[in-house]
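Undergrad: the sequence and its predicted three-dimensional model are supplied below.
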Amino acid sequence: MPKKNLIPLLLLFAALFTLYGDTLTFLPKPVRDSSVASRKFFVGLWPDWLRPRDFNEKRQQDIDKLQKSPSPSR
């Protein structure tokens, strides 16, 4: 295997282990726990002011408003 392919392969392995390492039941518990710890570390690097957008927030507010308003009598 050429050496230039080794670095992307290691990065891919690290990313897959971080994402899916805790679901692999054949691994010992300390190894699975390290996968969870590394995921928490990477999530902790995300800035607090950049929170994920809730795309359903406006829709949920409209539903709540409709449920609270009295229904028109016909």
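TA: Looks like it came in fine. Just so it is clear, the model here is predicted, and its values are computed rather than measured.

Undergrad: quick one: what helix or strand has Leu10 in it?
TA: If you go by DSSP states H and E, Leu10 is part of helix 6-20.

Undergrad: quick check: which helices or strands does that helix pack against?
TA: helix 29-44 (3 or more Cβ pairs under 8 Å, 6 or more residues apart in numbering; DSSP states H and E). Any C-beta I mention is one placed from the backbone N, CA and C, and that applies to glycine too.

Undergrad: name the residues of the helix it packs on that are buried.
TA: The neighbour-count check on helix 29-44 (16 or more other Cβ atoms under 10 Å) flags Arg32, Ser34, Ser35, Ser38, Arg39 as buried.

Undergrad: and the gap between the residue nearest to the spatial centre of the chain and Lys4?
TA: Nearest to the mean C-alpha position of the chain, by Cα atoms, centre = their mean, lies Val43 at 7.9 Å. For Val43, the distance to Lys4 (Cβ to Cβ, to the nearest Å) stands at 31 Å.

Undergrad: check Ile63 too.
TA: Computed as Cβ to Cβ, the Ile63 to Lys4 distance reads 54 Å.

Undergrad: if you count surrounding residues, which of those two has more?
TA: Of the pair Ile63 and Lys4, Ile63 is the one with more neighbours under other Cβ atoms under 10 Å, namely 11 against 7.

Undergrad: good, wrapping up.
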